[in-house]
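Asks: Build me a model from this:
(chains A, B and C)
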Amino acid sequence: MPELPEVETIVRGLQSRVAGDRISSVWIGSRKQPLKSSAAKIVATLTGKKIARVHRMGKHIVLDLVTSAASSKKIPDAQWVVHLGMTGRMLVCEPEIETVKHTHLSATLASGRELRFIDARMFGKLAVAVPGNFDPGGVEPLEVDPAVFQELFRGRKTPIKSALLNQKLLRGVGNIYADEALARVGIRPRRKASAISREDLTKLHGAVQAVLREAIKLGGSSVSDYVGADGEEGFFQLQHRVYGREGEPCLVCATPIQRVVIGGRSSHFCPKCQK
DNA sequence: ACTATTTCCTGGATGC
DNA sequence: TGCATCCAGGAAATAG
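Replies: Numbers count the residues shown, from 1 in each chain, chains lettered A, B, ... in the order given. Just a heads-up that it's a prediction; the model follows:
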């Protein structure tokens, strides 16, 4: 399930592989579910445009598109916004590569390659936007300073785990990294966000940033069917201390890791180390 | 203004 | 082996 580090890895791969290339034609499948804009609008917006830059906003992939040959302009003409949901992939490949099931869009590039959006479970989303109009809300976890981070949780009665997952507060943190960050600072996922001390929130801010940075360095976590733009796997899953380790010993105290459901999400923690 | 719950969707794992 | 059932999860929608 792509969260911030996985999306960042994919974005870097796309930036190096397709930035500067031009979209010569677009094919869109019949499924409506993944489309946030109409198929006609997506085709019309993408066709003929050059991909000036690929960047990330939270868990969204944003491709800046320009019409002119010269890419010196600062403001793109349009943006192509992609959310991978749980199982979404952005594949860059040669046209001879067989189109797999659940391919919802394929963009043929001037270089001859194809950029394909594939998503089995269809929680992913495709949209086009006018530059400046797309704002997923929330703050970037790697850019927010500790004071602003603390303010996000003031007065919130919801469990800290749920608050960390709320994209309108913090954008990009998902289930894996929320659990991992909480484990690193010894906070139980069920603690009310408003009940966490200033010092602990400062520590949590540091842990969220550390865990995301470390994961980006390792190319993200490959669990489920996540792979990067080249199909390569990440390796941060080898660093997980609690996520997916129910019943296994805590790496610090050997107490079995517990799994509980909070807000419909499985949450993992050490009952001894996390209070 | 919040918060909690439900819904979408399909592949993989599990159980009989 | 095969079939049914459960489960995973991001975020939008709904209900309270």
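
Asks: so where's chain A uncertain?
Replies: A:69-73, A:221-233 (pLDDT under 70).

Asks: one more time with 80
Replies: Residues of chain A meeting the criterion pLDDT under 80: A:1, A:68-74, A:219-239.

Asks: what helix or strand is the closest residue to A:Thr99 other than its chain neighbours on?
Replies: Spatial nearest neighbour of A:Thr99, excluding adjacent residues (CB to CB, 6 or more residues apart in numbering): A:Ser106 at 6.8 Å. Where you see a C-beta, it was placed from the backbone N, CA and C, and this is true even at glycine. Here A:Ser106 sits within strand A:103-109, counting by DSSP states H and E.

Asks: Same question for A:Gln167.
Replies: Under the criterion DSSP H and E, no helix or strand holds A:Gln167.

Asks: How about it: what's its closest non-neighbour residue?
Replies: The shortest distance from A:Gln167 to any non-neighbouring residue, by CB to CB, 6+ apart, is to A:Gly138 (5.2 Å).

Asks: So what does the one you found have for phi and psi?
Replies: With angles defined as degrees, to the nearest 10, A:Gly138 sits at phi 80, psi 170.

Asks: How about A:Ala207?
Replies: Reported as degrees, to the nearest 10, the phi and psi values for A:Ala207 are phi -70, psi -40.

Asks: from memory it sits against A:Gly186, does it?
Replies: No. In this structure, A:Ala207 is not within contact of A:Gly186 by CB atoms under 8 Å, at 9.6 Å.

Asks: Of those two, which one has the most company?
Replies: Set A:Ala207 next to A:Gly186 and count neighbours by other CB atoms under 10 Å: A:Ala207 wins out with 20 against 17.

Asks: Report the contact partners of that one.
Replies: For A:Ala207, the contacting residues are A:181-182, A:184-185, by CB atoms under 8 Å, 6 or more residues apart in numbering.

Asks: Over to A:Glu140?
Replies: A:57-58, A:171-172.

Asks: Give me the neighbour count for A:Gly85.
Replies: Residues near A:Gly85, counting by other CB under 10 Å, number 17.

Asks: burial of the closest residue to it other than its chain neighbours, as a residue count?
Replies: Nearest residue to A:Gly85, sequence neighbours excluded (CB to CB, 6+ apart): A:Phe123, at 2.9 Å. Residue neighbour count, defined by other CB under 10 Å, stands at 15 for A:Phe123.

Asks: ok, now A:Ser37?
Replies: 17.

Asks: my guess is it contacts A:Ala127, does it?
Replies: Yes. Using CB under 8 Å, A:Ser37 makes contact with A:Ala127 at a distance of 4.7 Å.

Asks: So which residues on chain A come close to DNA strand B?
Replies: Applying CB under 7 Å from any atom of the strand, we find that chain A lies next to DNA strand B at A:33, A:101-102, A:120-123, A:155-159, A:162, A:225, A:263-264.

Asks: Now, of those residues, which are buried?
Replies: A:102, A:122, A:156, A:158-159, A:162 (16 or more other CB atoms under 10 Å).

Asks: which one of those residues sits closest to DNA strand C?
Replies: A:Met122 (8.3 Å; CB to the nearest atom of the strand).

Asks: Backbone dihedrals for the residue lying closest to that closest one once chain neighbours are set aside, please?
Replies: Sequence neighbours aside, A:Gln33 is the residue nearest to A:Met122 in space, at 4.7 Å (criterion: CB to CB, 6+ apart). A:Gln33 has phi and psi values of phi -50, psi -50 when expressed as degrees, to the nearest 10.
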